[in-house]
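# sequence and predicted structure, then a few things I'm wondering about:
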Number of protein chains: 2
Amino acid sequence: MEAPNPVSENSDSKSSRTRQRILKAAAGIFRQQGYTSASLREIAESAGMQAGSLYYHFDSKEDLAEAVMDEGVAAARRSAEQALAALGGGEDALSAIEAAFRGHLAYLLEESDFAVATLRMLHQTPEAIRKRHTRKQRQFGQFYAGLFKQARRDGLIRDDFDLSALRMLLLGALNWSPEWFDEGRLTAEQLVHQLSMMMRNGLMPPRLRVVPGAATAR
Amino acid sequence: MEAPNPVSENSDSKSSRTRQRILKAAAGIFRQQGYTSASLREIAESAGMQAGSLYYHFDSKEDLAEAVMDEGVAAARRSAEQALAALGGGEDALSAIEAAFRGHLAYLLEESDFAVATLRMLHQTPEAIRKRHTRKQRQFGQFYAGLFKQARRDGLIRDDFDLSALRMLLLGALNWSPEWFDEGRLTAEQLVHQLSMMMRNGLMPPRLRVVPGAATAR
DNA sequence: GTCTATAGGTTGATAGAC
DNA sequence: GTCTATCAACCTATAGAC
């Protein structure tokens, strides 16, 4: 059984279901325009109300943006963790990373408003918001860091890789994908499969791979 | 011998060297704040003049932004092509890609104002600018596409990779790196080395790699 | 809870003196 | 070429009616 209402934190439906409608509208507008360009008038219109009415539900534009960003990271993380949990636990550590990537990227490319808005707002929001948000995003990063550490413990990532750099580079490939995905021809799952093939065996055909030490016996 | 003045297109120094000063200031401000938040007053101040005076050199804020973005892609491309040319031409096609990455990333992380401002402004600029810019960026993409095609012709990239997706994923890793580089401990060159190792042989130690077909003889 | 009306501030851009 | 001064437009946020 899953959480009944993904976007909400407090009580469920009665009083503030409008709040969710506003958040969804804001995510869409913020995604298109970023934080600064987006006006509360536009957001209100998209939510079917007047600008002034927003202030009954949120204290300020900053508050609204932070709520969208909170949901952006939380939902991406939920999606990654669910895909990981669906594996059952019998797989190797690289498969775990790939599963998390699959869930993460599927959310980013398919239900993207919150997460993409979050990525695009990062450098425009006031510092107070950004500081808090960076902390939350780093917690998500630690989730991935744990998976990479496990893969190294299991001998699946060689010692000459810097785990932190590797993780940031790969997550960067995911985070940037909303910028070009519309024009691509592959699904989110197929994109992760491309990454997965590269992570396991590199780009080259087997006969060309460099095998530094012993490679014949065993 | 290289181009004497990287940032200029027209005649050299006499009349419009102030233009370059303004462009540099604009790149810095746009990088911090994005397109919409940045005010012409701030840019003017950073360039040591008054806001009204900018209009002697540029027709509008849009114009100024487009000039910064043009230089952003042009400089990144120059840096990638120079690093590639420095190889001498005797290397294999994967080394060519890695060299271009090295030049590209060094510019992005070390002289970054123009390029990073460009990346961050993309979704805030008026559509007319964005449309023209996308065309220029796609030309840069074609430069990389040529390198990947050559690597495939040389048998260095297996047939089960989608060259376009692979290129976009790897360039995404580069483009996202300014978001986290400040906190990292590796140089641009070392980061490319991480990518390079993964591209050639994957993450796993040799003994664990899957060798699907014949692998013993030859 | 949502509306209308508006205060108060900032912005891009223009005009004209120097 | 650069300055000062200013306009018109837009924004966030608040106040008070309903």
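Happy to help now that I have it.

# hey, which helix is longest across chain A?
Looking across chain A with DSSP state H, the single longest helix is helix A:127-153.

# flag every buried residue along it.
A:129-130, A:133, A:137, A:140-141, A:144, A:147-148, A:150-152 (16 or more other Cβ atoms under 10 Å in any protein chain shown). Every residue, glycine included, has its C-beta placed from N, CA and C.

# one more: stretch A:91-101?
Quick answer for stretch A:91-101 (16+ other Cβ under 10 Å): A:93-101.

# rewinding a little: report the two of the buried residues of helix A:127-153 separated the most.
A:Ile129 and A:Arg152 (34.4 Å; Cβ to Cβ).

# now A:Asn175: how far from A:Arg120?
Noted for A:Asn175: a distance of 11 Å to A:Arg120, by Cβ to Cβ, to the nearest Å.

# just A:Tyr56 next, same as before
For A:Tyr56 relative to A:Arg120 (Cβ to Cβ), the value is 27 Å.

# the more surrounded of these two?
Comparing A:Tyr56 with A:Arg120 by other Cβ atoms under 10 Å in any protein chain shown, the one with more neighbours is A:Arg120, at 23 against 11.

# look up how far A:Leu122 lies from the residue positioned nearest the centre of chain A.
Centroid-nearest residue in chain A, with Cα atoms, centre = their mean: A:Ala76, separated by 4.0 Å. Relative to A:Leu122, A:Ala76 is positioned 14 Å away (criterion: Cβ to Cβ).

# pLDDT value on A:Phe161, please?
For A:Phe161, the model assigns a pLDDT of 98.

# that one and B:Leu195 touch, don't they?
No. Counting by Cβ atoms under 8 Å, B:Leu195 is not a contact partner of A:Phe161; they are 10.5 Å apart.

# those two: which has the busier surroundings?
Between A:Phe161 and B:Leu195, B:Leu195 has the larger neighbour count (other Cβ under 10 Å), namely 23 against 18.

# which residues does stretch A:87-101 contact?
For stretch A:87-101, the external contacting residues (Cβ atoms under 8 Å, 6 or more residues apart in numbering or on different chains) are A:80-81, A:83-84, A:86, A:143-144, A:147-148, A:150-151, A:153-154, A:156-157, A:170, A:174, A:192, A:195-196, A:199-200, B:203-204.

# hang on, the earlier thing: report the contact partners of the residue nearest to the centre of chain A.
Shown in contact with A:Ala76 (Cβ under 8 Å, 6+ apart): A:104, A:107-108, A:115, A:140.

# just those now: which is nearest A:Ile43?
A:Ala115 (17.9 Å).

# the helix or strand harbouring the closest one near chain B anywhere?
Element membership for A:Ala115, per DSSP states H and E: helix A:113-121. Yes. With Cβ under 8 Å from any Cβ of the partner chain as the measure, helix A:113-121 is seen reaching chain B through A:Arg120.

# check which helices and strands that helix is in contact with.
The criterion is 3 or more Cβ pairs under 8 Å, 6 or more residues apart in numbering or on different chains; DSSP states H and E, and the helices and strands that helix A:113-121 contacts are helix A:18-37, helix A:61-85, helix A:93-110.

# and the ones you listed as a markdown table, adding distance to B:Arg41?
Formatted as a markdown table, these follow (distance: least, Cβ to Cβ, whole Å):
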| stretch | distance to B:Arg41 |
| --- | --- |
| helix A:18-37 | 15 |
| helix A:61-85 | 22 |
| helix A:93-110 | 37 |
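
# so can I have JSON lines of these showing mean pLDDT?
What follows is those, written out as JSON lines (pLDDT from 0 to 100):
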{"stretch": "helix A:18-37", "mean pLDDT": "97"}
{"stretch": "helix A:61-85", "mean pLDDT": "98"}
{"stretch": "helix A:93-110", "mean pLDDT": "98"}
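
# now those helices as JSON lines including distance to DNA strand C?
Converted to JSON lines, these look like this (distance: least, Cβ to the nearest atom of the strand, whole Å):
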{"stretch": "helix A:18-37", "distance to DNA strand C": "4"}
{"stretch": "helix A:61-85", "distance to DNA strand C": "12"}
{"stretch": "helix A:93-110", "distance to DNA strand C": "28"}
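
# right, and those helices - which one's nearest B:Leu23?
Using Cβ to Cβ, those put helix A:18-37 closest to B:Leu23, at 21.7 Å.

# is the helix or strand just after that closest one up against DNA strand D anywhere?
Once helix A:18-37 ends, the next helix or strand along the chain (criterion: DSSP H and E) is helix A:40-46. Yes. Using Cβ under 7 Å from any atom of the strand, helix A:40-46 reaches DNA strand D at A:40-42.

# save those as JSON lines, and put in distance to A:Gln32, pLDDT and neighbour count too.
As requested, the residues of helix A:40-46 next to DNA strand D are arranged in JSON lines below (distance: Cβ to Cβ, whole Å; pLDDT from 0 to 100; neighbours: other Cβ atoms under 10 Å in any protein chain shown):
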{"residue": "A:Leu40", "distance to A:Gln32": "15", "pLDDT": "98", "neighbour count": "19"}
{"residue": "A:Arg41", "distance to A:Gln32": "14", "pLDDT": "98", "neighbour count": "12"}
{"residue": "A:Glu42", "distance to A:Gln32": "9", "pLDDT": "98", "neighbour count": "18"}
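
# sweet, I'm off.
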